[in-house]
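[1] Mind looking at a prediction? Sequence and model below.
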Amino acid sequence: MTDAKQQTPFDVLQYLRQELMPHFLCPGCGHGIALRALLWAVHELGIEKDNLAIVSGIGCAGRTGAYIDANTFHTTHGRPLAFATGLKLARPDLEVIVITGDGDCLAIGGNHLIHAARRNLDITCLMLNNEVYGMTGGQVSPTTSEDRYTTTTPLGNTEAVFDACKLAEGAGATFVGREVTVQTPTLKNLILGGIAHDGFAFIEVISDCTEIYGRKNDLGSSAEMILSQKSAMRPETFENNIIDRPFRPNALPTGVLAHDKTRPEYGAAYRASIKAQQTKK
Amino acid sequence: MRRELMTGNAAAAWGARLARADYLPAFPITPQTEIIETVAQWIDAGEMNCRMVMMESEHSMITAAGAAAATGVRVFTATSSQGLLYGMEMLYTVAGWRAPFVMANVSRGLAAPITLEPDHNDILAARDSGFLQIHCATCQEVLDASLIAYRVAEDARVRLPVIVNLDGFYLSFTREPVDIPSQDEVDAFVPPFDAGPTRFRAGKPMSQAVAVLGGTPYSYFRYETHLAARAALEVYAEATDAFERQFGRRYGALDAYRCDDADIIFVMMGSFATKAKDAVNKLRAIGERVGLLRPILLRPFPDTAIRQLLAGKKAVAVIDQNISMGMGGVLHGEVSAALNGSKDAPPVLASFVGGLGGRDISAEEFFEIAAETRRAAENGETPPPRLLFTESELREIRKLQAIAHVEHGSDEAEGNRNGEGEERHA
C-alpha cells in the first residue's frame, strides 16, 4: 500500500485485459458493476497486479475473472475456494480473491464454502448472486426466489432460498457483508473492508440477470431491476420511488453483517504452530 | 408415428418421454441443458408424467438416479463432460449396485484448457465403470438408442446402467428429421420396468450395496458385473432385432458402410463418422476401395464382430476423437486388442487422432488418411500415430503465443520442437 498509488485516479481500464473486449456479458448484467467495484477496491488498497491472484469458477461470474489483468485462474465448477485454499497456503504473500456465482458457490461448491469459512484462511470470496444459472440459459439455483420462473421451474420455484450470508457466518466466516450493485461506492468500500480483513471474508453482491431471469419473470429493464433491488434492500430510502416489481419478496440486510477480529487467521496460526514445533526440537 | 425436425437433445428427451421415465434428477451443463429443459416444459404442460428434481451437482444427480433405479423406478438423466467426470465416483458405485437406468451424455472435451465443443475423452473416461455405452451418429439414433437402452439395461441378464452418447453441438444442437414413434408402439417395445428382486418393499426388507470385506467376494461381484456386461452383447442383438420388427430401423453393434469389397477401412465413432462416410463416397468415386466401420456399442465391446468384419482387409485406419496421454487413441488400442491373435487380421493398423475439442476433420484430411494408409498397406509397415493438425493451424497458434508473450526455451530447442511438429502434423 503506497501513498503514490492511492493518489492516482482509478482507471478501470488499467486493470482489464482490453484485448479480450468486447466481453461476453449480456447488456444490463450487474456483474460488470461488481467487477468495477472490486478493481476499484484493489486500486485503493494499492495492491500490485503481480501480487493479486483472482480465482474463479464456472458460470457468468466465473468468466468475469478472466478479464482482469492479473494472475487469474479459471478453475472447474464449484472449486475456486478449494483452489484458492491451496494457493493461499502455498503463497501467503499473494492477495487471493475468489469470484464465484450463486450456483458455483452454493450448489456444486457449497461444501467448499462452509469449510473455507470454518478455516478462516485469508481469502476474499466475492459471490455474485443473480439468482440463476445464467451461462447455461437460466436454470433454477439455490438462491432463486420462491415462485420465480426458470427454464427448469416452469411452474415457479418451490424450493427454499439460501441466505448465503447467514450460511457463511454460521460456518464461521469472520467477515460477512452484502451489497447491491447500484450502490457502487458502498460496494467498493465493503469489498475493500473484506480484502483488508485478516481472515475469510464473504461478500454477497446482489447482481441482476436482466436478459434471462429478468425477462422470464417480467422484472423490467436492467435499471428497474437494480433500483428494485435497492428498494427491496433498503425500503426506507426509496419511499418516493415508484417500483412496483420488488426484486425479492423478502428484504435482506446489507452492509457489514459480521466482523470478528478475534479469531486467528488460519495460515498465520498454522505457520506459528509449525514454528513452535521446530523450536521445541 | 410422426416426423419432426429436432435437435439431438430433443431426441434424447423424446427417448425419456416415450420410455415413460418416472424420475429425472437434473443438473445443467452446456451442451446438455436443453434435454432437461425440454422435459421440464413437458412436465409443465402436463404432457409428461415425471418427477424432476434439480440437484446441486452431477455427483448428487447420479447418486439419486442410481438410488431411484435401485428401488424399481424407471430413471432417466443427462450430463456432459465435466459433469460426467464429477459424477465418476458414483458411476462406478451405481453400476456396482446393478441399478439399471439410462443417462444421455452429450460429449464435450475436458478441461484444461476449457472447451465447450465435442470430443470423446469424457465418455471414454467412463469406459471401465460398468455403464454400457451406445454411441450415436444421428438424431434419430439418439431417440432409438434411448429406447433400446432401457430394454438392455433392465434385462435380468444385464441389470446395468447405460449411457447413450451424442456429440455436443454436432448432434446436440443440430436439427434433423426424426421419426417419433407412437406411444403405443413404444409401450409394446419397452414394457413397464420389472425390477424383479431389486425393489423396496416394506414387507420384505433387504439390504443393497452392503460393504464387502476382502478380495474373494469383491472379485466375485466385480467379475459378475463383467459377465453381465458381456451378456449385454446378446441382449442388445435381441433388442435391436425386436426394434427392427417394431419400427423398421436396423441397428447393429457396428455400423459397417461399404465394407464388403473394401480393402481399406476407416474406424470411427460418433457423429464425426458421418464425415468419414461422405469421404468414403468421394474416395469410391475415384476408385479407392474404402469402407467405414463405426462401433455403436463401445461397452460391451463387439470384438468378435470387429474381428470378423476386418478379417482379410489390407489396412485399417482408426481415427480417434480422443487422446489417452502417453498412449494415443483409445479406440485404436481397443481395436488392436480385438484383432490380437486373429489369423486374418489386417497387417496394418494405423492410428490418427483428430477432432479434439470439436476441431473439424476435412475431406482433404480423410483423403490424406486414405493415401497414407494405402502407402502403408503397400510397404506393409504401420506408420507412427499422427495428429490431424495443419501447418496453417500451427501458424495461428504461434501468433496467439506471440500475443500472449509465451516464453519459449532456447532457439535450438524451439527449432527441434518445430521440426518434430511439422513431421507429425498432417
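    Structure's in. What do you need? Numbers count the residues shown, from 1 in each chain, chains lettered A, B, ... in the order given.

[2] Correct me if wrong: residue B:288 contacts residue B:264.
    Yes - if you go by Cβ atoms under 8 Å, residue B:288 and residue B:264 touch, sitting 7.2 Å apart. Quick note: C-beta positions are derived from backbone N, CA and C, even for glycine.

[3] Settle it for me: which of these two has more neighbours?
    Using other Cβ atoms under 10 Å in any protein chain shown as the criterion, residue B:288 and residue B:264 rank with residue B:264 on top: 25 against 17.

[4] what do residue B:288 and residue B:264 both touch?
    With contacts taken as Cβ atoms under 8 Å, 6 or more residues apart in numbering or on different chains, the residues that reach both residue B:288 and residue B:264 are B:370, B:374.

[5] Name the residues of chain A found near chain B, please.
    Proximity of chain A to chain B is confined to A:19, A:58, A:74, A:76-78, A:107-108, A:110, A:133, A:135-137, A:139-140, A:142, A:151-155, A:159 under the rule Cβ under 8 Å from any Cβ of the partner chain.

[6] give me that answer again for 10 Å
    Contact residues (Cβ under 10 Å from any Cβ of the partner chain) of chain A with chain B: A:19, A:58-59, A:62-63, A:74-79, A:103, A:106-111, A:133, A:135-142, A:144, A:149-157, A:159.

[7] give me every residue that touches the residue of the stretch 151-281 of chain A found nearest chain B.
    Residue nearest to chain B within the stretch 151-281 of chain A (Cβ to the nearest Cβ): residue A:154, separated by 3.5 Å. Residues near residue A:154 by Cβ atoms under 10 Å, 6 or more residues apart in numbering or on different chains: A:216, B:37, B:40, B:41, B:42, B:43, B:44, B:45.

[8] redo that, cut-off 6 Å
    Neighbouring residues of residue A:154 by Cβ atoms under 6 Å, 6 or more residues apart in numbering or on different chains: B:40, B:41, B:44.

[9] looking at the residues you listed, which has the most residues close by?
    For these, counting by other Cβ under 10 Å, the largest number of neighbours falls to residue B:40: 25 neighbours.

[10] residue ranges for the helices of the stretch 251-400 of chain B, please.
    In the stretch 251-400 of chain B, the segments counted as helices under DSSP state H, counting those that start in this stretch are B:273-285, B:303-310, B:330-339, B:363-379, B:391-403.

[11] what's the helix or strand for residue 166?
    Here I'm looking at chain A. Element membership for residue A:166, per DSSP states H and E: helix A:164-171.

[12] I was after chain B.
    strand B:162-167.

[13] and the angle for that strand with helix B:273-285?
    Counting by axes from the mean of the first three to the mean of the last three Cα atoms, to 10 degrees, strand B:162-167 points 60 degrees away from the direction of helix B:273-285.

[14] Which neighbouring elements make contact with strand B:162-167?
    Using 3 or more Cβ pairs under 6 Å, 6 or more residues apart in numbering or on different chains; DSSP states H and E, the elements in contact with strand B:162-167 are strand B:102-107, strand B:132-135, helix B:139-154.

[15] The ones you listed: which one's closest to chain A?
    With respect to chain A, and counting by Cβ to the nearest Cβ, the nearest of these is strand B:102-107 at 12.0 Å.

[16] Now the closest one: average pLDDT?
    Mean pLDDT, strand B:102-107: 98.

[17] And the contacts of that strand?
    Outside strand B:102-107, the residues that touch it by Cβ under 6 Å, 6+ apart are B:12, B:31-32, B:35, B:76-80, B:84, B:118, B:120, B:122-123, B:146, B:149-150, B:162-168, B:172.

[18] Strand partners (parallel or antiparallel) of that strand?
    Looking at strand B:102-107 with DSSP bridges, its paired strands and their directions are strand B:76-79 (parallel), strand B:162-167 (parallel).

[19] So for it, could I get the coordinates as PDB, restricted to C-alpha?
    Taking C-alpha atoms only, strand B:102-107 is exported to PDB below (Å, rounded to 0.1, in the frame of the first residue of the first chain):
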ATOM      1  CA  VAL B 102     -30.400 -44.600 -18.900                       C
ATOM      2  CA  MET B 103     -28.200 -41.500 -19.000                       C
ATOM      3  CA  ALA B 104     -27.600 -39.300 -22.000                       C
ATOM      4  CA  ASN B 105     -24.100 -38.000 -22.200                       C
ATOM      5  CA  VAL B 106     -23.500 -35.100 -24.600                       C
ATOM      6  CA  SER B 107     -19.900 -35.400 -25.400                       C
END
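
[20] is it possible to export the strands paired with strand B:102-107 to JSON lines including mean neighbour count?
    As requested, the strands paired with strand B:102-107 are arranged in JSON lines below (neighbours: other Cβ atoms under 10 Å in any protein chain shown):
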{"stretch": "strand B:76-79", "mean neighbour count": "31"}
{"stretch": "strand B:162-167", "mean neighbour count": "29"}
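
[21] Make TSV out of the ones you listed and add distance to residue B:368 and mean pLDDT.
    Listed next are the strands paired with strand B:102-107 as TSV, based on distance: least, Cβ to Cβ, whole Å; pLDDT from 0 to 100:
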stretch	distance to residue B:368	mean pLDDT
strand B:76-79	35	98
strand B:162-167	23	98
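
[22] what's downstream of the helix-or-strand element of chain A with minimal mean pLDDT, the next helix or strand?
    The weakest-scoring helix or strand in chain A, judged by mean pLDDT, DSSP states H and E, is helix A:3-7 (a mean of 55). Reading on from helix A:3-7 to the C-terminus, the next helix or strand found by DSSP H and E is helix A:31-45.
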